[in-house]
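**Student:** fold the following.
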Amino acid sequence: MRFFFLLFLLFPLAELALLIRVGSAIGVLPTLGLLVLGGVIGVLLMRLAGFSTAWRARERIARGELPEREMLQGLVMVIGGGLIFLPGFLSDLLGLLVLFPPTRRMMLGLLQRKVELQVQRQRAFRQDFENNTPPHPQRPQRPDVIEGEWERRDK
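**Tutor:** You can find the predicted model right below:
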């Protein structure tokens, strides 16, 4: 938690320092032009990622498969496009690293392992909780099912 707080404070300061350095080296107008160009490229990449993710997910669903990999890949691409959309050169560099296929695959692998570990932890906690919780005396052991008949009456 402390790490993210420091990152939240230090990242804008690093961006600002880098913008000042680049602006003093190449001038104000070229720096602003690069920032606008980065914003346009970021928006286009986010749109492209959305369309391509939706297309690949639709193909997997048509084959009867779950599109979990495509959804994660689309999420990572949207994050990369959003980083490029943010004004600043440091966020552009991070966004390009996220969009670069080898680093994206590495990030997807790490993210997938973290999700699997989280699922295993939740499953273990739930099973431990169910094993240690005595059954409630008023709660029936079978599901609550109310049987009945109905008919539709339209006016």
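**Student:** where along this structure do the helices fall?
**Tutor:** 2-26, 28-62, 68-85, 89-99, 101-132 (DSSP state H).
**Student:** got these as TSV, with distance to D154 and mean neighbour count columns?
**Tutor:** From N, CA and C alone the C-beta is placed, and that goes for glycine too. As requested, the helices of the chain are exported to TSV (distance: least, C-beta to C-beta, whole Å; neighbours: other C-beta atoms under 10 Å):
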stretch	distance to D154	mean neighbour count
helix 2-26	58	12
helix 28-62	36	14
helix 68-85	42	19
helix 89-99	56	18
helix 101-132	45	11
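**Student:** can I get those in a markdown table with mean pLDDT?
**Tutor:** A markdown table is the format used below for the helices of the chain (pLDDT from 0 to 100):
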| stretch | mean pLDDT |
| --- | --- |
| helix 2-26 | 89 |
| helix 28-62 | 87 |
| helix 68-85 | 84 |
| helix 89-99 | 89 |
| helix 101-132 | 78 |
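**Student:** pipe those helices into TSV and attach distance to D144 per row.
**Tutor:** As requested, the helices of the chain are arranged in TSV below (distance: least, C-beta to C-beta, whole Å):
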stretch	distance to D144
helix 2-26	44
helix 28-62	33
helix 68-85	33
helix 89-99	48
helix 101-132	18
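**Student:** so which of these is nearest V145?
**Tutor:** With C-beta to C-beta, the closest approach to V145 among the helices of the chain belongs to helix 101-132: 21.5 Å.
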